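Undergrad: The sequence isn't on hand, but the structure is:
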């Protein structure tokens, strides 16, 4: 009975699990080992195939276009755009008031007053004072090269022009008038240096006091009768200024008459000067217009010699020292862009190009030595310093108010070398050198070369012709290129 009771005990009964597990392990172990062996072999085959495909480069997500599946290709994609390319060159310049020009002061004596640097001087105002007499600014292009006064009337009508004919109508460089004729029985004209020539009888010609330190003239002498007009373009220039200052009663022309002298006397009275009616060469200086005092090389108490005062324009402008061999861009009227120190950009125009080149280092002395046609010193200097030679370019502004309060400082001048409008362009980095020569663009998956509707295969290149390179872009053209096409920037 005990054997019969133990026989139907289920597998979960006492002692059952151990027997069941052992039986199960004995009955199924061979099948499981066979399945495990097949799986291991299959895994090895898959790994081997994957390695083979990777080594041949056949994998990678070419159809999906995802860059994480193509580690050998760049992720930067750009489009071919239509634009205007401008090639510009930058040069350094200096904002200021232009080149300094010395006043040609001819007054002799001691400097008794000087203007402050930066002062604006206009027509009729004093540039400096010499022996406490003003040297007045007038507007014009001709220098004050002689005294202006009414000429001296000859003693007889038939006595003019033999020896002193230059003195009647034009005067010498000092503006003196001579009576001409034979010197046997008449006195000679007073010289421009103020000395009197003795006549054979011992008498001397009368002289007048000097005007503003200049040489005295016979025009104010005691023997002056009805005045002979002084003629010249310098007379007209002076009379134009006298009229502009509000003095009238004379005709603005090339003749300095008694009427002109009367107006000059009124002008001299207003200036606090002796009313002589004559204007000495040292009384005035000329400039194109209002000027800004740039500096003084003399001090109060010094002799008025050399160039005691220099000036600039009152307008702000940019000066560029351009290489003498590269001034094609600096033609008068050429447009440029000026980048200011505060980051703003304003438009400018080339106003002038210097005619003389200046060597940065050496060569200047040789150039001047060779100017007389000697042994060619100037040529030697040009050969040694030609590359360093520069020419001054002056640039003015279309709208001076756009500069604000900025008076001076370094600036950058940009001018255009070439420009191509309405062209196809890509970043320069998108170009790829082709094995057969030239350049090409790598098409992005899905791009359609020439718009023919065909998708581009991965890694396909289209050849292009390059044009203007500017601003990091390059002009491209060719039958396979069209606007909007996607290309890849190679690594």
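TA: Here it is on my side, so go on. From a predicted model like this one, the values you see are computed outputs, not experimental measurements. Numbers count the residues shown, from 1 in each chain.

Undergrad: quick one: the helices in the protein?
TA: Here the chain has its helices, by DSSP state H, at 2-6, 16-56, 233-244, 258-271, 364-369, 377-385.

Undergrad: Now do the fourth one and helix 233-244, the angle between them.
TA: So the one you mean is helix 258-271. Orientation check (axes from the mean of the first three to the mean of the last three CA atoms, to 10 degrees): helix 258-271 against helix 233-244 gives 50 degrees.

Undergrad: ok, so what distance separates the closest residue in space to residue 269 that isn't next to it in sequence from residue 266?
TA: Leaving out its chain neighbours, the residue that sits closest to residue 269 by CB to CB, 6 or more residues apart in numbering is residue 275, at 5.4 Å. Where you see a C-beta, it was placed from the backbone N, CA and C, and this is true even at glycine. Look at residue 275 and residue 266: by CB to CB, to the nearest Å, they are 8 Å apart.

Undergrad: ditto for residue 293
TA: Taking CB to CB, one finds residue 293 at 28 Å from residue 266.

Undergrad: Also residue 430?
TA: Counting by CB to CB, the gap from residue 430 to residue 266 is 79 Å.

Undergrad: between those two, which one's more packed in?
TA: Between residue 430 and residue 266, counted using other CB atoms under 10 Å, the more crowded position is residue 430 (25 against 16).

Undergrad: Quick check: the more buried one touching residue 491?
TA: No: using CB atoms under 8 Å, residue 430 is not in contact with residue 491; the gap is 11.9 Å.

Undergrad: what's near enough to touch residue 261?
TA: 149-150, 227, 277-278 (CB atoms under 8 Å, 6 or more residues apart in numbering).

Undergrad: er, residue 240 actually
TA: Here residue 240 is in contact with 140, 252 (CB under 8 Å, 6+ apart).

Undergrad: same thing but 7 Å
TA: residue 252 (CB atoms under 7 Å, 6 or more residues apart in numbering).

Undergrad: now it: how far from residue 264?
TA: Taking CB to CB, one finds residue 240 at 14 Å from residue 264.

Undergrad: Then residue 243?
TA: From residue 243 to residue 264 the distance is 12 Å (CB to CB).

Undergrad: who's more crowded, the two?
TA: It is residue 264, of residue 243 and residue 264, that has more neighbours when counted by other CB under 10 Å, with 26 against 15.

Undergrad: So for the more buried one, what pLDDT did the model give?
TA: You'll see residue 264 listed with a pLDDT of 98.

Undergrad: swap in the one 5 residues further on?
TA: For residue 269, the model assigns a pLDDT of 97.

Undergrad: got it, and residue 334?
TA: pLDDT at residue 334 comes out at 90.

Undergrad: likewise the one 4 residues further on?
TA: Turning to residue 338, the model gives it a pLDDT of 94.

Undergrad: How is this structure divided into domains?
TA: Using the TED database, the domain ranges for the chain come out as 102-147+229-313, 419-449+457-488.

Undergrad: Take the ones you listed and write them to a markdown table, including distance to residue 91.
TA: As requested, these are exported to a markdown table (distance: least, CB to CB, whole Å):
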| stretch | distance to residue 91 |
| --- | --- |
| domain 102-147+229-313 | 21 |
| domain 419-449+457-488 | 17 |
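
Undergrad: those strands in the stretch 201-350 of the chain, which residues are they?
TA: Counting by DSSP state E, counting those that start in this stretch, residue ranges of the strands within the stretch 201-350 of the chain are 230-231, 255-256, 284-287, 291-296, 309-313, 317-323, 335-339, 345-353.

Undergrad: right, so of the ones you listed, which gets closest to residue 424?
TA: Nearest of the strands of the stretch 201-350 of the chain to residue 424, taken as CB to CB: strand 335-339 at 25.6 Å.

Undergrad: Walk me through which strands the closest one pairs with, and which way each runs.
TA: strand 345-353 (antiparallel), strand 409-427 (antiparallel) (DSSP bridges).

Undergrad: Take those strands and lay them out in CSV including mean neighbour count, mean pLDDT and distance to residue 434.
TA: Rendered in CSV, the data for the strands paired with strand 335-339 read as follows (neighbours: other CB atoms under 10 Å; pLDDT from 0 to 100; distance: least, CB to CB, whole Å):
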stretch, mean neighbour count, mean pLDDT, distance to residue 434
strand 345-353, 17, 92, 40
strand 409-427, 16, 92, 15
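
Undergrad: Need these in CSV (columns: distance to residue 465).
TA: Below are the strands paired with strand 335-339 laid out as CSV (distance: least, CB to CB, whole Å):
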stretch, distance to residue 465
strand 345-353, 33
strand 409-427, 10
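
Undergrad: So for residue 259, which of those strands sits nearest?
TA: Among the strands paired with strand 335-339, strand 345-353 sits nearest to residue 259 (CB to CB), with 38.9 Å.

Undergrad: picking up where we left off before, among the strands of the stretch 201-350 of the chain, single out whichever gets nearest to residue 119.
TA: Closest approach to residue 119 among the strands of the stretch 201-350 of the chain is made by strand 291-296 (4.6 Å; CB to CB).

Undergrad: before we move on, back to that, just to check, the residue nearest to residue 269 is in contact with residue 265?
TA: Yes: applying CB atoms under 7 Å as the test, residue 275 and residue 265 come out as touching, 4.1 Å apart.
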